[in-house]
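Student: The sequence and its predicted three-dimensional model are supplied below.
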Amino acid sequence: MAAKKKSKRTVLRSAKGKKLYAVRDAGGKFKDIQSYARAHAADLRKTTKKEGAQAKSKKKAKKK
């Protein structure tokens, strides 16, 4: 199975001065635009495989 390629986000500013993340497709056109606050909150909710494994091992250690 092929690994999913992570898109690079570009930081932009809206007309009101809010920070935005923009993701471009291979042709250079905008594929997705999100507000920084929304994207950052979503990033914090996600955990990596390594973080998940560490959390499980800490729970096992506390139970003993």
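Tutor: That came through, no problem.
Student: Determine which residue lies closest to the centroid of this structure.
Tutor: When CA atoms, centre = their mean is applied to the chain, the residue found nearest the centroid is Asp43 (3.8 Å).
Student: From Ala15, how far out is it?
Tutor: Taking CB to CB, to the nearest Å as the measure, Asp43 and Ala15 are separated by 25 Å. Using the backbone N, CA and C atoms, a C-beta is placed for each residue, glycine as well.
Student: follow-up on the earlier one: now do the buried residues in the helix or strand the residue nearest to the centre of the chain falls within.
Tutor: Using DSSP states H and E, Asp43 sits in helix 36-45. By neighbour count with 16 or more other CB atoms under 10 Å, helix 36-45 contains the buried residues 36, 39.
Student: roughly how far out does the very next helix or strand once past that helix sit from the chain middle?
Tutor: Heading C-terminal from helix 36-45, the first helix or strand you meet, by DSSP H and E, is helix 49-63. Its chain's C-alpha centre and that of helix 49-63 lie 22 Å apart, by CA atoms, centre = their mean, to the nearest Å.
Student: picking up where we left off before, how far does the helix holding Asp43 sit from its chain's centre?
Tutor: Counting by CA atoms, centre = their mean, helix 36-45 is centred 7 Å from the centre of its parent chain.
Student: I'd like to know which elements it is packed against.
Tutor: Counting contacts by 3 or more CB pairs under 8 Å, 6 or more residues apart in numbering; DSSP states H and E, helix 36-45 packs against strand 19-24.
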